[in-house]
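1. Structural data only, the sequence is not supplied:
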């Protein structure tokens, strides 16, 4: 029943668990998770660019809802293309309790995203961004507490992971200070600044907690593609409720979306980029844990900076202090990512992961061997979804039709753009997409 991958199967013991002595397998999956985390940062950062093209004059709730709608379309399309809808529903049927956790994770994301709207309004993006990036440290704490991450890892790995996460957060803070220096955004602070800071920290807490259902699902053997399919139900449902509540009702919201018709294509495109990045983030969380995978994905601010500086010219004519802060923040983030990338989970930590998997299987009556196989990158459900693929073509066709229809009404943005850098950045993103996608296919068949 498992995917025929001899290199992975050779490293199991009689209980179907990973033999901790096989460093080759651990290094292989660690490298895969690291590359997925890096690719996640690139695509999550790129999602900011289309949103920038469409955001002028639009309500933050309209922007967020339209982007989440694009996310919904992309999240249902990707699993249909890569594994098939029959596979997804079969996976969900074997672990129905995780559907609740997936919806909860989507709801947490939507609430956190709404909190960022208020944080930006009250204290400005440059101050709010580093505050909600504390989700890295929150995810690290939950990973240690609930799933045995870093337990038995040794002092050196603790220093690499916590030090690397702190470095990425510090680098993000430096980039935020550069934004303050560039735009004098400190003037955006008003009498609601305290509420804005609380909102930003609340967003960080919710986003960091959102990764708990992620890790819970993957230790149970669920495929990331199945999780994100249900995740987006909670995401879209909660975001729609919040948009109606804060937008004055259903009719005004529809009117606002109609007014924003020319911008919806760019928002949907941003949602598509976000989904690609989040899928890589999911695989990173599966294979190297949330303590290592999420900080790597949070390098997205570095890519957002690249788009802002190179494509939109945000640093043109800025003083040397601004450029110094940007350069320093960039180097610190890169150093943090390198430190985390080198923190291979040793045998003792792997045993802690296995203990967490055993607890999940015992609690919900799941097959230990299937869960262990999925964590090795195998596919216990391979070969059981041969029929029912006709729906996948319809889902793909519907997604293409939606993007074509929105593209018909789209208009060229009025934002100044340096087109020379667009193919360079897109080229780098595509290299990461195809290389990491090839790694996932070769080693795990997208398991």
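-> Arrived safely. Values in this document were obtained by computation on a predicted structure and should not be read as measured data. Residues are numbered from 1 along each chain as shown.

2. now the helices for the stretch 301-447 of the chain?
-> 320-341, 347-364, 368-375, 390-409, 422-444 (DSSP state H, counting those that start in this stretch).

3. helices and strands around the fourth one, which ones?
-> If I follow you right, that is helix 390-409. helix 60-82, helix 85-94, helix 264-288 (3 or more C-beta pairs under 8 Å, 6 or more residues apart in numbering; DSSP states H and E). Yep, even glycine has a C-beta here, placed from its N, CA and C like the rest.

4. number of nearby residues for residue 317?
-> 7 (other C-beta atoms under 10 Å).

5. Give me the spatial nearest neighbour of residue 288, chain neighbours excluded.
-> Sequence neighbours aside, residue 33 is the residue nearest to residue 288 in space, at 3.3 Å (criterion: C-beta to C-beta, 6 or more residues apart in numbering).

6. per-residue confidence at residue 57?
-> Per-residue confidence (pLDDT) for residue 57: 67.

7. now the angle from the lengthiest helix in the chain to helix 264-288?
-> Secondary structure of the chain per DSSP state H: the longest helix is helix 154-183. If you take axes from the mean of the first three to the mean of the last three C-alpha atoms, to 10 degrees, helix 154-183 sits at 160 degrees to helix 264-288.

8. Show me what whichever helix or strand comes after helix 154-183 is packed up against.
-> Counting by DSSP states H and E, the next helix or strand C-terminal to helix 154-183 is helix 193-219. Helices and strands touching helix 193-219, by 3+ C-beta pairs under 8 Å, 6+ apart, are helix 97-123, helix 125-132, helix 135-147, helix 224-246, helix 264-288, helix 290-297, helix 347-364, helix 368-375.

9. returning to that earlier point: with respect to residue 281, which of the helices of the stretch 301-447 of the chain lies nearest?
-> helix 422-444 (11.4 Å; C-beta to C-beta).

10. and the closest one, how far out from the chain's middle?
-> With C-alpha atoms, centre = their mean, to the nearest Å as the basis, helix 422-444 stands 16 Å off its chain's centre.

11. sorry, back to before: can I get the helices and strands packed on helix 193-219 in JSON lines including distance to residue 38 and mean pLDDT?
-> As requested, the helices and strands packed on helix 193-219 are exported to JSON lines (distance: least, C-beta to C-beta, whole Å; pLDDT from 0 to 100):
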{"stretch": "helix 97-123", "distance to residue 38": "22", "mean pLDDT": "84"}
{"stretch": "helix 125-132", "distance to residue 38": "20", "mean pLDDT": "69"}
{"stretch": "helix 135-147", "distance to residue 38": "15", "mean pLDDT": "89"}
{"stretch": "helix 224-246", "distance to residue 38": "17", "mean pLDDT": "88"}
{"stretch": "helix 264-288", "distance to residue 38": "8", "mean pLDDT": "90"}
{"stretch": "helix 290-297", "distance to residue 38": "6", "mean pLDDT": "89"}
{"stretch": "helix 347-364", "distance to residue 38": "21", "mean pLDDT": "89"}
{"stretch": "helix 368-375", "distance to residue 38": "21", "mean pLDDT": "87"}
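
12. one step back: can you put the helices and strands packed on helix 390-409 in TSV and add distance to residue 231?
-> As requested, those are arranged in TSV below (distance: least, C-beta to C-beta, whole Å):
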stretch	distance to residue 231
helix 60-82	7
helix 85-94	12
helix 264-288	9
